[in-house]
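A.B. asks: sequence and predicted model, in that order:
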Amino acid sequence: MKEKTNGFYVGLAAAVIACVAGIALYLYANAVADPYPLAPGLLIAGAVIALIALFSNVHFLLLVPGVAYIAAFALYLSSQMENISAKLSANGVGDTGTSLTALGVFLALMLLAAILSVVSCYMKQRRV
């Protein structure tokens, strides 16, 4: 483990955050009867690709998880626009049951994972 640098740990943190957010989002969305498996699937797939890239020496794969996390963020935000509109207008039309607080937390976690993943791409992963 001594040959790992900060870039490795930043990428690992992004993968762990994305995996936890993906699992939590999937479970929460099913609990409030608002299932949307595409964003959690992208988060978990991105985390798996990040772990493969981090533990092997395949450096060109390091950008793929960042793209997956950004895509999950955008897809989840666009799928929840009707819900956000219903919550903000307080008329209840289009309300899916997802709270704005939970939506904000999931979006923040996705954005944090995306930023950390992209930052990790430009850092050294191992000492040479």
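C.D. replies: Received it, and whenever you're ready, just let me know what you need. Residues are numbered from 1 along each chain as shown.

A.B. asks: so which residue is dead centre in this protein?
C.D. replies: Met110 (3.4 Å; C-alpha atoms, centre = their mean).

A.B. asks: next, the contact list for that one, please.
C.D. replies: 18, 21, 39, 43, 69, 72-73, 76 (C-beta atoms under 8 Å, 6 or more residues apart in numbering). Glycine gets a C-beta too; all of them are placed from N, C-alpha and C.

A.B. asks: what about Ile52, is that helix, strand or coil?
C.D. replies: Three-state assignment for Ile52 (DSSP: H, G, I helix; E, B strand; the rest coil): helix.

A.B. asks: let me see the contact set for it.
C.D. replies: Counting by C-beta under 8 Å, 6+ apart, Ile52 touches 58, 61.

A.B. asks: one more: Val32?
C.D. replies: By C-beta under 8 Å, 6+ apart, Val32 lies in contact with 96-98.

A.B. asks: what are the buried residues along the worst-scoring helix or strand of the chain on mean pLDDT?
C.D. replies: One helix or strand of the chain scores below all others by mean pLDDT, DSSP states H and E: helix 81-89, with a mean of 81. Buried positions in helix 81-89, judged by neighbour count with 16 or more other C-beta atoms under 10 Å: 83-84, 87.
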